[in-house]
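> Need the 3D shape of this:
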Amino acid sequence: MSFFSSYKKIFMLGFIMVILVTIPFSVYIAQKRQNISSKAIKSTTLSFEPASTTAKTGDTVTLNIWLDPGTGTTANQISFVKLAINFDKTKFTASSLTENIMEKIDEPQYDNTAGKASISLSIGADPANAIKTKTKIAILKLKATAETTPANPNITFDFANSQVLSIDNSSQTSDNVLLSSTIPATVTITSATSTNAPTSTPTSTPTPTSTLPNAKPGGSSGSSGIPSSSPLAPVCSSLDINGLAAGTAPYSLTFTATGNDPNGTINKISFNFGDAIEDLTIGGGIGTSSVSGQILHTYKTPGIYTAYAILTDNANNLSAQQSSCTKTVTVNSTDLSGSPIVTTPLPPPGDGEVMFGLGALGIIFTIIGGVLLFL
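Sure thing, here's the model as predicted:
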């Protein structure tokens, strides 16, 4: 009787040891799977450059498409991009959408009747080619077909249908990466003949001086009052903000744009915040040759935004977009208490097949241990 009693005790002890080893091992495997699934986070930005430009009807507008996977510990390692682009079908027709650096995995698709273009790009089979820094990945060319002075961006990314995949070199698994933000483009189209010089000098009725800025009868321009040189565009000299360039959503900033016009007056300051465009037409020196206009804007969605200002003078000349009049604003997400959080939504609970296998293994050990216990 003592032999069987010792026999039962040995198997009971072995059963308990198996359970004690299996449970921590299952928890460890599940945590590793969760860590792998949470490596890709929301930090990627797609943008058009230049974000603001002008063209004439009949011209080809060339826009570079840049991908920024983020910086630091939140940066993605991009392996696949699907670009879905919308454009104003009444003002443009798509002529080409070509890859740069990445490889196209299908031919670009154009639908000029709907104002859409798309292409899918990949790094290929080598994970070492993953994009880790801001990179130009494609070039979009559109033909300008009609005049427009858009109040809002007229070339945008289709956020819902664009897609980015990130690859983790340590795990060789891919995760879907939701875009943090996109930066659209605004193209102003003028008439192809509006700025052409006349083929001959008028000799009948001189042009009234009141319609030409800074025209002085009897000056160096001649008795007709026509200036000897074409009007110069205004210059945006700086864009300042009243706080830090990074904050938590909702994040409000006051933007101040300063600039001048060398031979006219400034009628409008257009602020492109990266997620919206607002025009300032009153105050801040509007109507004079020198302006310093302020406007308040609130970023409600986390992301990385490029903000800039464009000045428009009384002759509808636009200032050029330049670095001195550009700011990059980073907006982080918040929890209910208002404190910033750097993690993404809860990752998936792990691989279903692995978890099922571990559960089945635990059940088998439990049955074996129970049988041995009764024996």
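
> Okay, domains of the protein per the record?
1-38, 40-191, 232-340 (automatic domain parsing).

> looking at the ones you listed, which has the lowest confidence?
Across the domains of the chain, domain 1-38 has the smallest mean pLDDT, namely a mean of 64.

> can you tell me the helix or strand for the closest residue to Ser270 other than its chain neighbours?
Among residues not flanking Ser270 along the chain, Ile310 sits closest, at 4.5 Å (C-beta to C-beta, 6 or more residues apart in numbering). (Glycine included, C-beta is placed from N, CA and C.) Taking DSSP states H and E as the criterion, Ile310 maps to strand 303-313.

> Looking at the domains of the chain, spot the one closest to Ile367.
Distance to Ile367, taken as C-beta to C-beta, is lowest for domain 1-38 among the domains of the chain, at 10.6 Å.

> Write down the beta-bridge partners of Phe48, one by one.
Beta bridges link Phe48 to Ile65, judged by DSSP bridges.

> Can you tell me how far it is from Val235?
According to C-beta to C-beta, to the nearest Å, Phe48 stands 23 Å off from Val235.

> what does Thr265 give?
Taking C-beta to C-beta, one finds Thr265 at 14 Å from Val235.

> Could you do Ala249 as well?
For Ala249 relative to Val235 (C-beta to C-beta), the value is 33 Å.

> Ile105 too?
In terms of C-beta to C-beta, Ile105 sits 44 Å off from Val235.

> These two: who's more crowded?
Val235 (17 against 13; other C-beta atoms under 10 Å).

> That one bridge partners, please.
Bridge pairing for Val235 - DSSP bridges - gives Asn260.

> cool, and Ile269?
Assigned bridge partners for Ile269, using DSSP bridges, are Leu280, Leu311.

> Surely it and Ser290 touch.
No: in this structure, Ile269 is not within contact of Ser290 by C-beta atoms under 8 Å, at 12.0 Å.

> shared neighbours of these two, anything?
Gly259 (C-beta atoms under 8 Å, 6 or more residues apart in numbering).

> Compare neighbour counts for these two and give me the winner.
Ile269 (31 against 14).

> Distance check, the more buried one against Leu296.
In this view, Ile269 and Leu296 are 14 Å apart by C-beta to C-beta.

> Give me the number of neighbouring residues for Thr135.
As a measure of burial, Thr135 has 15 neighbours, counting by other C-beta under 10 Å.

> Could you do Ala114 as well?
10.

> Likewise for Ser52?
Neighbour number of Ser52 under other C-beta under 10 Å is 23.

> which residues of the protein fall in helices?
Secondary structure of the chain (DSSP state H): helices at 2-37, 352-374.

> Report the beta-bridge partner residues of Lys141.
Bridge pairing for Lys141 - DSSP bridges - gives Thr62, Ser96.

> what's near enough to touch it?
Neighbours of Lys141 in contact, by C-beta under 8 Å, 6+ apart: Thr60, Val61, Thr62, Leu63, Ala94, Ser95, Ser96, Leu97.

> same thing but 7 Å
Counting by C-beta atoms under 7 Å, 6 or more residues apart in numbering, Lys141 makes contact with Thr60, Val61, Thr62, Ser95, Ser96.

> Compare those residues and tell me which is most surrounded.
Val61 (21 neighbours).

> pretty sure that one is in contact with Thr145, am I right?
No: with contacts counted by C-beta atoms under 7 Å, Val61 stays clear of Thr145, the gap being 10.6 Å.

> ok, and the closest non-adjacent residue to the residue nearest the centre of the chain?
Closest to where the C-alpha atoms of the chain average out (C-alpha atoms, centre = their mean) is Thr182, at 2.5 Å. Closest residue to Thr182 apart from its sequence neighbours, by C-beta to C-beta, 6+ apart: Phe157 at 4.0 Å.

> From Ile65, how far out is that neighbour?
9 Å.

> and for these two, which residues touch both?
Joint contacts of Phe157 and Ile65 (C-beta under 7 Å, 6+ apart) are Leu46.

> got the CA positions of stretch 139-150 in PDB?
Extracted in PDB, the C-alpha atoms of stretch 139-150 (Å, rounded to 0.1, in the frame of the first residue of the first chain):
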ATOM      1  CA  ILE A 139       5.500  61.800 -59.300                       C
ATOM      2  CA  LEU A 140       2.100  63.000 -60.400                       C
ATOM      3  CA  LYS A 141       1.600  65.000 -63.600                       C
ATOM      4  CA  LEU A 142      -1.700  66.700 -64.400                       C
ATOM      5  CA  LYS A 143      -2.600  68.900 -67.400                       C
ATOM      6  CA  ALA A 144      -4.300  72.200 -66.400                       C
ATOM      7  CA  THR A 145      -7.500  72.500 -68.600                       C
ATOM      8  CA  ALA A 146      -9.400  75.500 -67.100                       C
ATOM      9  CA  GLU A 147      -8.800  78.600 -65.000                       C
ATOM     10  CA  THR A 148      -9.400  78.500 -61.300                       C
ATOM     11  CA  THR A 149      -8.500  80.300 -58.100                       C
ATOM     12  CA  PRO A 150      -9.400  77.600 -55.600                       C
END
